[in-house]
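Peer 1: fold the stuff below for me.
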Amino acid sequence: MALDGIFLRYIKHEIETEALGARVSQIYQPNRDELVFAMRTFNGNKKLLLSARANSPRVHFCGNTPENPASPPMFCMLLRKRIGGGKLVAVRQQECDRVLFLDFECVNELGDTVLITVVCEIMGMYSNIIIVDSNGVIIDSLKRVDLTMSSRRLVLPNIKYELPEAQDKLSILKHSAEEIAEKTVDFDGEMMLNKALLRAIQGVSPLVCRELEYRVGEGTTTRMDKQHYVRLVDVRHNLYVWL
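Peer 2: Residues are numbered from 1 along each chain as shown. Down below sits the predicted model:
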């Protein structure tokens, strides 16, 4: 299943249930795109994998740690310095965006307690893992993005962290089933329903949209028009139950 915003919401709940209040005992970087946080929880040790691979970005608990290089990369050493021994105090997600925020309560070189956030952006080839301080300033990132790569959003140390640009889509958590159905109907009637849903709803993958189309069309693919409005609202209400 695709790791979309809805799936990420379930992962957020799992991390909150299993690891909230856990201490970071070790951090590994087995390759350039992945990190593993070894955590001491109230129910034993857990390993949290953060991956920014273009073809398989994800966040989840894992059983085995991949083989690590002889010398840890610089980004891994920075994480160990800033977050080693820190306590996970919050896991956040803005509505159904594919961005997960892991807040750690840490102690700095002066002995002061500070809040460090690890931001996991699950966005295909644009996926990234970013360290942000309590003032919202980027400390560093797994993949730096400068002006040669993007003129719209920079990801570099010592600049303010900004969320990826918002899309003109409706949130399942914030808008009613009727509002989402109306926005879907507003699209060209020649558009297939699964495409219209993908353009209308925040944080859903093409797989989820095809499933919704299947349920609205009672087993067949269909185009979106007003005659499907009532059935789409009913199916959307069922989706709210899943969340």
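Peer 1: dump stretch 45-63 to CSV, restricted to CA.
Peer 2: Extracted in CSV, the C-alpha atoms of stretch 45-63 (Å, rounded to 0.1, in the frame of the first residue of the first chain):
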residue,chain,number,x,y,z
ASN,A,45,13.8,-1.6,23.0
LYS,A,46,12.4,-0.4,19.7
LYS,A,47,14.1,0.6,16.4
LEU,A,48,12.5,3.4,14.4
LEU,A,49,13.5,3.6,10.7
LEU,A,50,13.4,6.9,8.9
SER,A,51,13.9,6.6,5.1
ALA,A,52,14.1,9.4,2.5
ARG,A,53,14.7,7.1,-0.4
ALA,A,54,13.1,8.4,-3.6
ASN,A,55,11.5,5.1,-4.4
SER,A,56,10.5,4.0,-0.9
PRO,A,57,10.3,6.9,1.6
ARG,A,58,8.8,5.7,4.9
VAL,A,59,8.8,5.8,8.7
HIS,A,60,8.1,2.7,10.7
PHE,A,61,9.4,0.4,13.4
CYS,A,62,11.8,-2.3,12.2
GLY,A,63,13.1,-5.6,13.7
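Peer 1: that one: which residues count as buried?
Peer 2: 46, 47, 48, 49, 50, 51, 52, 57, 58, 59 (16 or more other C-beta atoms under 10 Å). Every C-beta, even on glycine, is put in place using the N, C-alpha and C of the backbone.
Peer 1: quick check: phi and psi on residue 199?
Peer 2: Dihedral angles of residue 199 (phi, psi; degrees, to the nearest 10) stand at phi -80, psi -20.
Peer 1: what do you get for residue 153?
Peer 2: According to degrees, to the nearest 10, residue 153 has phi -150, psi 110.
Peer 1: ok, residues contacting whichever strand or helix holds residue 82?
Peer 2: Per DSSP states H and E: residue 82 is located in helix 74-83. Under the contact criterion C-beta atoms under 8 Å, 6 or more residues apart in numbering, helix 74-83 has outside partners 24, 26-29, 35, 72, 104, 106, 116, 118, 131, 139-140, 142.
Peer 1: beyond that helix, next helix or strand please.
Peer 2: Scanning onward from helix 74-83 (DSSP H and E), the first element met is strand 87-93.
Peer 1: mind giving me the packing neighbours of that following strand?
Peer 2: The contact analysis (3 or more C-beta pairs under 8 Å, 6 or more residues apart in numbering; DSSP states H and E) places strand 87-93 against helix 5-19, strand 23-31, strand 99-107.
Peer 1: roughly how far out does the second one sit from the chain middle?
Peer 2: Meaning strand 23-31. 19 Å (C-alpha atoms, centre = their mean, to the nearest Å).
Peer 1: now it: mean pLDDT?
Peer 2: Mean pLDDT, computed over strand 23-31, is 94.
Peer 1: buried residues in it?
Peer 2: Buried residues in strand 23-31, counted by 16+ other C-beta under 10 Å: 23, 24, 27, 28, 29, 30.
Peer 1: looking at these, which one is closest to residue 40?
Peer 2: residue 23 (4.7 Å; C-beta to C-beta).
Peer 1: which residue sits closest to the closest one in space, ignoring its chain neighbours?
Peer 2: Among residues not flanking residue 23 along the chain, residue 40 sits closest, at 4.7 Å (C-beta to C-beta, 6 or more residues apart in numbering).
Peer 1: how about the helices in this protein?
Peer 2: Ranges of helices within the chain are 5-19, 74-83, 177-186, 193-200, 206-216, 229-242, based on DSSP state H.
Peer 1: thank you, goodbye.
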